[in-house]
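Asker: I would like to see how this sequence folds:
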Amino acid sequence: MFKIACYGVRPNEVATFNKYNNYDYDLTLIEDLLTHDNIETAKGHDAVLLRANCTADAQNLAKLNEYGIRYVFTRTVGYGHIDLAAAGKYNMEVARVPAYSPNAIAELALTLGMSLLRHTTYTTNRTAHHDFRVSPVMFSKEVRNCTVGIIGTGKIGYTEAKLYKGLGAKVVGYDLYPSEIAKEVLDFVSLDELLAQSDIVSLHIPYFAGQNDQFINADLIAKMKNDAILVNTARGQLQDNRAIIDALKANQLGAFAADVLPAEGEIFFKQFPADQPVPDATTQELIDLYPRVLLTPHVGSNTDEALKNMVEISFENFHEILTTGKTQNSVATTEN
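Answerer: Down below sits the predicted model:
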């Protein structure tokens with residue numbers, strides 16, 4: 001029986017892994033992410049199935065090679081946590097899940113944007129502390145009187161655009177490759193026009209190392225409205241925390257929300273003492289700006305439908321490669 005060590009499987013996900021195990025794989029469901037410290041848990045398996053922030057660097061892949069593991073698959077869209085050069089060196093097969101429910105990310109991005117627009121987190125935080133006075137901060141625009149800018153209008157961006165359009169907002173978009181279907185719900189404009197017009201800017205572009213690092217930087221923020229809301233549910237490497245913090249403190253940016261962080265590997269899925277700062281200083285500064293800043297720990301895909309998609313496609317990837325020698329969702333390594 002084909003044995004798979006699945007990492008980062010939360011307790012609420014166990015039932016889904018078992019329900020959609022249609023090929024009767026021998027699954028070892030491990031709640032912890034794969035790290036240098038627990039790599040030995042992969043011994044005795046034929047494959048590993050990872051999630052974001054698992055450590056599949058050269059060191060761990062060398063160990064997996066020692067254990068005879070040939071398949072290093074991830075149930076995520078991104079695969080930056082896998083050292084492709086090392087995987088190629090050991091002739092390992094790498095595969096991913098190219099897409100899952102776009103509503104999962106789009107709904108979170110919308111929720112964060114609307115929470116900041118209507119100051120609901122600020123307000124409920126006050127009432128939680130028995131303060132029921134109405135302050136000037138609670139005054140807001142209605143979203144139907146706002147312009148929402150979507151940077152990256154693929155499946156997720158398009159879905160969020162439809163959601164905002166349904167609420168009555170004017171939606172504009174920027175994409176290097178404008179799609180005809182997106183034109184049904186938004187108007188394509190230049191990036192500078194989008195930044196100048198938008199009350200809410202939501203980011204949905206992929207990250208390409210060395211090409212669009214810190215896409216959200218001081219220059220981009222300077223082109224936005226001073227009271228604008230910025231939301232990043234894409235990738236943490238796209239944002240310059242220092243530029244965001246400086247803009248918030250100077251009131252060049254109204255508010256910020258993110259489901260991702262540049263240093264999330266050091267922070268996400270861990271608990272730190274409330275009276276001590278988190279390991280990354282700029283992340284702590286963002287936390288200190290709550291409720292103008294809302295951070296969620298990479299939970300955009302943490303929905304029933306997205307999980308189902310990830311698990312089903314991952315198991316199908318294994319089935320394809322075991323029965324045909326290849327899968328349509330393979331990721332090229334340097335040796336492929």
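
Asker: could you chop this structure up by domain?
Answerer: Domain assignment for the chain by automatic domain parsing gives 3-100+303-324, 102-295.

Asker: and L108, helix, strand or coil?
Answerer: Look at L108: counting by DSSP: H, G, I helix; E, B strand; the rest coil, its state is helix.

Asker: name the nearest residue to it, ignoring sequence neighbours.
Answerer: Of all residues not flanking L108 in the chain, G300 sits nearest, at 4.7 Å (CB to CB, 6 or more residues apart in numbering). (C-beta placed from N, C-alpha, C; glycine too.)

Asker: cool, P277 as well?
Answerer: Leaving out its chain neighbours, the residue that sits closest to P277 by CB to CB, 6+ apart is Q284, at 4.3 Å.

Asker: ok, now Y90?
Answerer: Closest residue to Y90 apart from its sequence neighbours, by CB to CB, 6+ apart: N65 at 4.2 Å.

Asker: tell me the mean pLDDT for stretch 236-256?
Answerer: For stretch 236-256, the mean per-residue pLDDT is 97.

Asker: buried residues in the helix or strand harbouring Y158, which are they?
Answerer: According to DSSP states H and E, Y158 maps onto helix 155-166. Residues of helix 155-166 classed as buried: 155-164 (neighbour count, 16 or more other CB atoms under 10 Å).

Asker: which elements pack onto that helix?
Answerer: In terms of contacts (3 or more CB pairs under 8 Å, 6 or more residues apart in numbering; DSSP states H and E), helix 155-166 is packed against helix 102-117, strand 147-151, strand 170-174, strand 200-203.

Asker: quick one: the longest one to strand 147-151, angle?
Answerer: Calculated by axes from the mean of the first three to the mean of the last three CA atoms, to 10 degrees, helix 102-117 forms an angle of 140 degrees with strand 147-151.

Asker: next, the buried residues of the helix or strand just after helix 102-117.
Answerer: Next in sequence after helix 102-117, counting helices and strands by DSSP H and E, comes helix 120-128. Within helix 120-128, the residues that count as buried by 16+ other CB under 10 Å are 121-123, 126.

Asker: just the element for E316, please.
Answerer: Assigning secondary structure by DSSP H and E places E316 in helix 304-324.
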